[in-house]
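[1] Pasted the sequence and its predicted model underneath.
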Amino acid sequence: MVEKYLTIKKSGSHEIIIKKSQFICNIARIKDEAEANDFIDNIKEQHKKATHNCYAYIIGKDDHIQRASDNGEPTGTAGLPILEAIKLNELHNIVAVVTRYFGGIKLGAGGLIRAYSNATSSTIDNLGIVNKILQTQIDILVDYSLFDKLNYYLSENNINVIDTTYTSKVTISVSVDKEKIESFQNSIINLLADRVEFKIGEDQYFEVEYKKD
């Protein structure tokens, strides 16, 4: 399994206007081509009266599935710019559909390429990006008196906190890289003088905040 990959933070849409033409970009996470095609068909159904519904999607841990459609726009001016905007942001397993309502002013090939690219990029920026990382869930059980100390340590060391549960003890669920589990546990044991319990969960993809360089 791939250790990590980038994707959009959430599905959604964003709109830009260029020379009176309306460009509406809808983006969603997908797992396979069936989901991609269902999403595309749904957007087309919503925008039956649109001049064009152009799209692109990229799927797979090695991006082995890549599709793009100009949907009536001049060849190479819509689908490919959408795909390139996705790849430029290094995103995986997503589909983007850019709907155009023609505003009466022709943009030319260069203008169309920029419009479809900008519509996609601005939507990605608007929705945000997350890092999906394959990590192991660890539940940390401590007495209430140790909660603040533990919580501060996790925050200072940028440990991804999934959930916090309050029962007879406090349980903080975190995600940790598999190769760092032992050192992480030792650090917590030393921090809390061994007054802690651990429950090791399964490996799964967790969403971690992503910041562009």
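    Cool, got the structure.

[2] Pull the number of nearby residues for residue 7.
    21 (other C-beta atoms under 10 Å). Every C-beta, even on glycine, is put in place using the N, C-alpha and C of the backbone.

[3] likewise residue 164?
    13.

[4] Next one, pLDDT for it please.
    On pLDDT, residue 164 comes in at 96.

[5] Quick check: longest helix in the protein by residues?
    helix 108-127 (DSSP state H).

[6] counting contacts, what elements does that helix pack onto?
    strand 12-18, strand 21-29, helix 79-88, strand 94-101 (3 or more C-beta pairs under 8 Å, 6 or more residues apart in numbering; DSSP states H and E).

[7] Give the pairing partners of the first one; include direction for each.
    Taking DSSP bridges as the criterion, strand 12-18 sits next to strand 21-29 (antiparallel) in its sheet.

[8] what angle do the partner strand and helix 79-88 make?
    50 degrees (axes from the mean of the first three to the mean of the last three C-alpha atoms, to 10 degrees).

[9] Which parts of the chain belong to which domain?
    4-127, 133-209 (automatic domain parsing).

[10] can you give me how far the shortest one is from the chain middle?
    Its chain's C-alpha centre lies 24 Å from the corresponding centre of domain 133-209 when counted by C-alpha atoms, centre = their mean, to the nearest Å.

[11] heads up, I number from 526, so please use that
    Sure thing, new numbering starts at 526, so read that last one as domain 658-734.

[12] give me phi/psi at residue 668?
    Dihedral pair for residue 668: phi -70, psi 160, per degrees, to the nearest 10.

[13] For this structure, which residues score under the pLDDT cut-off?
    526-527, 737-738 (pLDDT under 70).

[14] again, 90 this time
    Within the chain, the segments meeting pLDDT under 90 span 526-530, 585-588, 656-659, 683, 685, 702-704, 727-738.

[15] picking up where we left off before, dump the longest helix of the chain to CSV, keeping only the CA atoms.
    Below are the C-alpha coordinates for helix 633-652, written out as CSV (Å, rounded to 0.1, in the frame of the first residue of the first chain):
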residue,chain,number,x,y,z
GLY,A,633,-9.6,31.8,-27.9
ALA,A,634,-7.5,28.6,-27.3
GLY,A,635,-5.1,30.2,-24.8
GLY,A,636,-7.9,31.9,-22.9
LEU,A,637,-9.8,28.6,-22.6
ILE,A,638,-6.8,26.8,-21.3
ARG,A,639,-6.2,29.4,-18.6
ALA,A,640,-9.9,29.6,-17.7
TYR,A,641,-10.3,25.8,-17.2
SER,A,642,-7.0,25.6,-15.4
ASN,A,643,-7.8,28.6,-13.1
ALA,A,644,-11.3,27.3,-12.4
THR,A,645,-9.9,24.0,-11.2
SER,A,646,-7.0,25.5,-9.3
SER,A,647,-9.1,28.1,-7.5
THR,A,648,-11.6,25.4,-6.5
ILE,A,649,-8.8,23.2,-5.0
ASP,A,650,-7.5,26.2,-3.1
ASN,A,651,-11.0,27.0,-1.9
LEU,A,652,-11.7,23.4,-0.7
